[in-house]
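Trainee: Quick one, what's the 3D model for this:
(4 chains)
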There are 2 protein chains.
Amino acid sequence: MNRRRSGAVTMHDVAARAGVSIKTVSNVVNGYPYIRAETREKVEAAIAALGYRVNVVARNLRRGRTGMIGLAVPVLSLPYFAELADSVIRAAEERGLTVLIEQTGGVRARELEVLHGQRRHFTDGLIYSPLALGPDDAHELDGLDHPLVLLGERIFDAPADHVTMSNVEGARAATQHLLDLGRRRIAVVGGDPHETVGAAALRVQGYAAALADNGVPFDPALLGDAGLWRRASGAQSMARLLDADLGVDAVLGLSDVLALGALHTLHLRRIDVPGRIAVIGFDDIEEAAFSAPTLSTVHPGREQIATTAVDLLLERIEGRDPGAPFRRVVADFAVVPRESTLGRGGPA
Amino acid sequence: MNRRRSGAVTMHDVAARAGVSIKTVSNVVNGYPYIRAETREKVEAAIAALGYRVNVVARNLRRGRTGMIGLAVPVLSLPYFAELADSVIRAAEERGLTVLIEQTGGVRARELEVLHGQRRHFTDGLIYSPLALGPDDAHELDGLDHPLVLLGERIFDAPADHVTMSNVEGARAATQHLLDLGRRRIAVVGGDPHETVGAAALRVQGYAAALADNGVPFDPALLGDAGLWRRASGAQSMARLLDADLGVDAVLGLSDVLALGALHTLHLRRIDVPGRIAVIGFDDIEEAAFSAPTLSTVHPGREQIATTAVDLLLERIEGRDPGAPFRRVVADFAVVPRESTLGRGGPA
DNA sequence: GGCGAGGTCTACAACGATGTAGCCTGGCCC
DNA sequence: GGGCCAGGCTACATCGTTGTAGACCTCGCC
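Mentor: Residues are numbered from 1 along each chain as shown, chains lettered A, B, ... in the order given. You can find the predicted model right below:
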């Protein structure tokens, strides 16, 4: 069996039509310099006439490189990851790479599988953003037979290049922004007090640091657990905080969707933002600039993270310096104040 | 040269360790039945011991199938497409397929390139959602050497299976919903009067039909052009409509992000929604359920579109009935009323 | 005792490209 | 005139798998 796809033209066909060897076609296609102009033209004419395209699958098998990199993220339906994927795809494209996206759902088993699974044969390397793995899993990244760039804050000290956000400093600055506005009872939506690792823990750490800087007591009751970082869980967390009657006058959402969920609850309860409660998020997704009120947030340097991750991965793939020590890059951040903290008087 | 990736184990290695031929290893891996239990165990033990994984690139070359399908969308940073991609990936995964996402940016040249480009060798078929192509480009889908399922409303009568939304009926029902609330001056955000094809034109058509059904005059001045379907353009379009002082009492956003952009402008201008102006969108992205006010919209059957598209494509790939006529599937829709039309009295 | 029908396994060629080695021609130098 | 080099091209093996054909064995049955 094994019929060829109708219309699939191979180098063989081109070679036959141009009256040269198959290798000469390969040489033309790959820009090998020592070919007479006349020969090159014949081959190019044959390629054009037959509509030939090199078969990348065959080329990959032979070359041992695919030109594809993997990007493992929890879910694309979360705007932060969708926007990150967008940025990674663009950055990769500029460097001649194709991106294969894998959704892990934030499920441990899938996150582990992605590291070794079949699809790794399709890719030259992996940009890896785990959510379920923790510091104890650092060894899972050991002895992989492909380069890997780690994103996020679940695992440190892994044998891999690592690109992170300024979680602590970003959250600290966001909290400082709220404190500067005179707020003192600042709740944290998504701040599970038992969480000790990951972005959540680091951002809470930044939050606590800012409180300490300003002599404001840290009250664990103000940490509102949210489970998954979705709008619905942010909304629920906010509702529980309000129900607990803690005198909250500001909210730090550990991500924008959590903050937007919180805004939703505040909206339903007709609580004035920022009049009674000011809200700030983290991630600066596009949606934040258009919500009502517009959402103050921390811009985490998403573009920078994407391009850096692709660059680091590409360096490893090309093996320029195989023994190079693993690098850790922390992206720049910026607090972006909008209506949800400044009110209408602030930026449009 | 061509060093093997460190640790890359092949069937050869497994065969040597198990003391069988390489083909027997292949047979075990592929579940060929006529193998003695003892042999199978030896092979499986060797596989486990060496950590062998089949090389999908080589398998693809030999089989002529890759198990990957392409999904070409304009941009992932638009929530509708991110959520669609999420659904397509899940549907594909359930059927044992991997999805390779390609962003065209809605740029004509990239949309054409995607049809023939190198990456088609990586995929067995393509789910194709063009934005820049029009009806005159139907022939571009002719004579492709891979199966293709078309999404969207840019091209009809193309030689391909086609999955669409209920654009006309959905917009008609949405408009009817506004009319039922007593609104008569219904503006359309994103409704370029010169646009004659695509989702925009069809939705405007449904809008016009609903007006006609109710004896409400159609006023072209109420069509607010928006260019790209992004929040910012929706906001600008809304601003222009307000500035024109047309007595607008309702807005049909041709997509949710356009409607959310419109809501943003209304929020900035402190215009009561739905008190003075009611707003409804189209797409039912997750964000719509959490905006302030929550956004009424048309649920377009995104899941159904994704699973149907994958199923149709898979049928073509497997070539069960190569001559089967091209099918056209229209997904079910539903109007989802929320606060932006019903007000606070409506659903939470 | 011979024969057909499985069952079990293997050798070989192929998928479509590229790396390596080597052939041939011509020109140049000593 | 022999040796050498560069340019231009080709043959062949190879990447890791799977399809095909067939070898060999055992069994059951006429």
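
Trainee: And A:Ile22, how far from B:Ala232?
Mentor: In this view, A:Ile22 and B:Ala232 are 53 Å apart by Cβ to Cβ, to the nearest Å. Using the backbone N, CA and C atoms, a C-beta is placed for each residue, glycine as well.

Trainee: whoops, A:Val149 was the one
Mentor: A:Val149 sits 32 Å away from B:Ala232, going by Cβ to Cβ.

Trainee: With A:Ile89 instead?
Mentor: 21 Å.

Trainee: more crowded one of those two?
Mentor: Neighbours per residue (other Cβ atoms under 10 Å in any protein chain shown) separate A:Ile89 from B:Ala232, with A:Ile89 holding more: 22 against 16.

Trainee: ok but that one is inside a helix, no?
Mentor: Yes. With DSSP: H, G, I helix; E, B strand; the rest coil as the criterion, A:Ile89 is part of a helix.

Trainee: Please report the number of neighbouring residues for A:Thr104.
Mentor: Using other Cβ under 10 Å, A:Thr104 has 22 other residues around it.

Trainee: show me the contacts for it.
Mentor: For A:Thr104, the contact set (Cβ atoms under 8 Å, 6 or more residues apart in numbering or on different chains) comprises A:72-74, A:110-111, A:114, A:130-132.

Trainee: same thing with A:Leu263?
Mentor: So A:Leu263 contacts A:273, A:279, A:291, A:293, A:295, A:340, B:290, B:292 (Cβ under 8 Å, 6+ apart).

Trainee: So the fifth one sits against A:Val279, correct?
Mentor: Just to be clear, that refers to A:Leu295. Yes. If you go by Cβ atoms under 8 Å, A:Leu295 and A:Val279 touch, sitting 6.8 Å apart.

Trainee: Give the residues shared as contacts by the two.
Mentor: Counting by Cβ under 8 Å, 6+ apart, the contacts common to A:Leu295 and A:Val279 are A:259, A:263, A:340.

Trainee: Beyond the helix or strand hosting the second one, next helix or strand please.
Mentor: Assigned by DSSP states H and E, A:Leu263 belongs to helix A:256-268. Scanning forward in sequence from helix A:256-268, with DSSP H and E defining helices and strands, the next element found is strand A:278-280.

Trainee: buried ones in that following strand?
Mentor: Under the neighbour-count criterion of 16 or more other Cβ atoms under 10 Å in any protein chain shown, strand A:278-280 has A:278-280 buried.

Trainee: Quick check: residues of the stretch 201-348 of chain A near chain B?
Mentor: Residues of the stretch 201-348 of chain A that fall close to chain B, judged by Cβ under 8 Å from any Cβ of the partner chain: A:231-232, A:235, A:260-261, A:263-264, A:267-268, A:286-287, A:289-294, A:348.

Trainee: Drop anything exposed from those residues.
Mentor: If we count by 16+ other Cβ under 10 Å, these have these buried: A:231-232, A:235, A:260-261, A:263-264, A:267-268, A:286-287, A:289-294.

Trainee: Tell me who's in contact with the residue most central in space within chain A.
Mentor: Residue closest to the average C-alpha location in chain A (Cα atoms, centre = their mean): A:Leu84, at 4.3 Å. With contact set as Cβ under 8 Å, 6+ apart, A:Leu84 has these partners: A:73, A:129, A:302, A:305-306.
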